[in-house]
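Engineer: My questions are about this predicted structure, shown below with the sequence.
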Amino acid sequence: MQPELYRDENLLARLDRMPMTRTAFWIVALLSLVWIAEAFDIGIVGPVVTLLNGVWHLSKAQQGLLGVSSTIGIVIGLIPSGIIADKLGRRTVVLGGIACFSVLTVLGAFAANFWFLFIIRLLAGIGEGAIFPMPYLFLAEFVRAKRRAVSVGYSNGVLTAAYLIPSLSAVWAIHAFPAAVSWRIPFVLGGLPLVLLIPLALWLPESPRFLLKHGRRDEVRQLVEKLERQANLPHDPTLINRRALAVIHQGAVRKPSLRSLLRAPYLSRGVIAAAQLTGALILFYILLVFGPTILMERGFGSGNAILFTGAMMGTAGAGSIVQGYLADRYGRKWILTVYFFLASIGCIMFGLFTNAALVIVAGLLTSFFGLGVFPVSKLYLAEQFPTRLRGGGVYFGEMTARILSGVVTIYSLPFLLQLWGNRVIFEAIAIALLVLALPVVLWGRETARISVEEAGTDMSFAELDSEFESVPGAKLV
């Protein structure tokens, strides 16, 4: 008999039955604050590009480079951060990432030329890359199966709505400071997330599944018992999930290796999940970086263009929350499909309409579904891998999606806008959304309403049931 397997699964089964306790709420709140900090840091790019155009008279190439600078850093930082997350912990990556991008963002306020600003934004992106997938990964491993999507939906709703903050700060800076100074103000404000390091260091626990994977059972037991006391649940040492126990038994003899991500079934799972994430990120980056510029070409003033882009992010926050509820109830793949389809309709309308009121309606439809797709889009990626590979798998998929969307697409966009105009661009986005979501429809797995262990295993339920029978002492449980 292997009692450590039972202890591990007993703690996870008890965690998976947990309602939303006070401690769990504060964990979600802390992760939401992490996202607000990063949303501000990433979200200042669009307003700053708009403001700098009038001060430094940026060329199309410079606009493209500044637009992709942070994303290049994100791509560079993703894989090392994923490895660190699997080796040293999710919490370590969160704290280090915030410190990195906050300090570097403040330095951007002192940039005297384009290339200094470009390098600073690239380096800040490395810290952003460490942070961005982490709350999704954290919540996937912490929240019970029936509430994973809605918990991520609320947190992601806060993240997406927080992109309104850099827009508001830029509009305030336009009216409060001369043009040569106003673009620097968002960078100065970007240092404020440093104050988050104190509450995060004090109150953000490590992922229970990471702790169990590294033999730190006492820490998990203390956390689980604390949550049970808050929820008035008994400490049940016999509770297990038979299939999750089988996954733990199977994983106990497997060593983590990133090469496993290039083998079946994780390669195909990762490609399918990364494809739909790429579609979502293409729309996100275009609106975030060039949204104000595109709206100004439609006749909006600079302040109104920045404000409306921020309002679209706020609308997306509501879409995120709604999607979380729907995905827990009706499943991941079909809700993803519906959101991508309606987002493509919004993009088509955005490209066709010229009337300002109709452009606003199309923009809100696009943002509610196209930008509101992220909670389940990213959670779905995290659910494709077992605990031993989840950090590397999530970060590798995120890296691939961001190279295609935030680097290749965004660098090319100023030239494509000049060549085709923004209306044709949005028709192309609509097609891309449908094409990249198609693999989920045809071959995607449903991962709702099962434990994250069951979602990430490479075995069928029948194989898991058979594996359970082979666990030493299983029939005694």
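Structural biologist: Yep, that arrived.
Engineer: If I look at the residue nearest to the spatial centre of the chain, what pLDDT would I see?
Structural biologist: The centroid of the chain falls nearest to Pro133 when counting by Cα atoms, centre = their mean (4.6 Å). On pLDDT, Pro133 comes in at 74.
Engineer: do the same with Leu371
Structural biologist: 85.
Engineer: can you tell me how far it sits from Phe308?
Structural biologist: 13 Å (Cβ to Cβ, to the nearest Å). (Each C-beta comes from the backbone N, C-alpha and C, glycine too.)
Engineer: Val150 touches Gln323, doesn't it?
Structural biologist: No: using Cβ atoms under 8 Å, Val150 is not in contact with Gln323, being 9.1 Å away.
Engineer: Same drill for the two, tell me which one is more crowded.
Structural biologist: Gln323 (30 against 21; other Cβ atoms under 10 Å).
Engineer: Let me see the contact set for that one.
Structural biologist: By Cβ atoms under 8 Å, 6 or more residues apart in numbering, the contact list for Gln323 reads Ala149, Gly153, Ile335, Tyr339, Gly372, Val373, Pro375, Val376.
Engineer: Apply 10 Å and report the result again.
Structural biologist: 149-150, 152-153, 156-157, 332, 335-336, 338-339, 368-369, 372-377, 379 (Cβ atoms under 10 Å, 6 or more residues apart in numbering).
Engineer: Can I get the helix or strand harbouring Leu364 as CSV, trimmed to CA atoms?
Structural biologist: Taking DSSP states H and E as the criterion, Leu364 maps to helix 356-366. Taking C-alpha atoms only, helix 356-366 is exported to CSV below (Å, rounded to 0.1, in the frame of the first residue of the first chain):
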residue,chain,number,x,y,z
ALA,A,356,-20.4,56.6,-35.4
ALA,A,357,-23.3,55.1,-33.4
LEU,A,358,-23.2,51.9,-35.3
VAL,A,359,-19.5,51.7,-35.0
ILE,A,360,-19.9,52.0,-31.2
VAL,A,361,-22.5,49.2,-31.2
ALA,A,362,-20.2,47.0,-33.3
GLY,A,363,-17.3,47.8,-31.0
LEU,A,364,-19.2,46.8,-27.9
LEU,A,365,-20.4,43.6,-29.4
THR,A,366,-16.8,42.7,-30.5
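Engineer: ok so, going back, need the residues touching each of Val150 and Gln323.
Structural biologist: Contacts common to Val150 and Gln323, judged by Cβ under 10 Å, 6+ apart, are Pro375.
Engineer: Tell me which helix or strand Asp218 sits in.
Structural biologist: helix 217-231.
Engineer: Please identify the buried residues of that helix?
Structural biologist: Arg217, Val220, Arg221, Leu223, Val224, Leu227, Glu228, Gln230 (16 or more other Cβ atoms under 10 Å).
Engineer: Going by distance to Val271, which of those residues wins?
Structural biologist: The nearest member of the buried residues of helix 217-231 to Val271, counting by Cβ to Cβ, is Val220 at 32.9 Å.
Engineer: isn't that closest one right up against Arg209?
Structural biologist: Yes: in this structure Val220 lies within contact range of Arg209 using Cβ atoms under 10 Å: 8.6 Å.
Engineer: hey, what's in contact with both of these two?
Structural biologist: What both Val220 and Arg209 touch, as defined by Cβ under 10 Å, 6+ apart, is the set Asp8, Leu11, Leu12, Leu15.
Engineer: who wins for neighbours among those residues?
Structural biologist: In the shared contacts of Val220 and Arg209, the most neighbours by other Cβ under 10 Å go to Leu12, 28 neighbours.
Engineer: State the phi and psi torsions of the nearest residue to Arg17 once chain neighbours are set aside.
Structural biologist: In space, and not counting its chain neighbours, Arg17 is closest to Arg144: 6.5 Å by Cβ to Cβ, 6 or more residues apart in numbering. Note on Arg144: backbone dihedrals following degrees, to the nearest 10 are phi -60, psi 160.
Engineer: List the contacts of Arg144.
Structural biologist: By Cβ under 10 Å, 6+ apart, the residues touching Arg144 are Leu12, Ala13, Leu15, Asp16, Arg17, Met18, Pro19, Met20, Ala24, Ser151, Ser451, Val452.
Engineer: Distance check, the last one against Ile335.
Structural biologist: Put plainly, it is Val452. Distance of Val452 to Ile335, given as Cβ to Cβ: 18 Å.
Engineer: the more surrounded of those two?
Structural biologist: Val452 (27 against 23).
Engineer: Quick check: that one touching Arg243?
Structural biologist: No: contact between Val452 and Arg243 fails when scored by Cβ under 10 Å: they sit 11.8 Å apart.
Engineer: So for the two, which residues contact both of them?
Structural biologist: What both Val452 and Arg243 touch, as defined by Cβ under 10 Å, 6+ apart, is an empty set.
Engineer: ok, and the closest non-adjacent residue to Thr409?
Structural biologist: For Thr409, the closest residue by Cβ to Cβ, 6+ apart turns out to be Ile282, at 5.3 Å.
Engineer: host element of that neighbour?
Structural biologist: According to DSSP H and E, Ile282 maps onto helix 266-297.
Engineer: now that helix against helix 356-366, angle please.
Structural biologist: 160 degrees (axes from the mean of the first three to the mean of the last three Cα atoms, to 10 degrees).
Engineer: Many thanks, have a good one.
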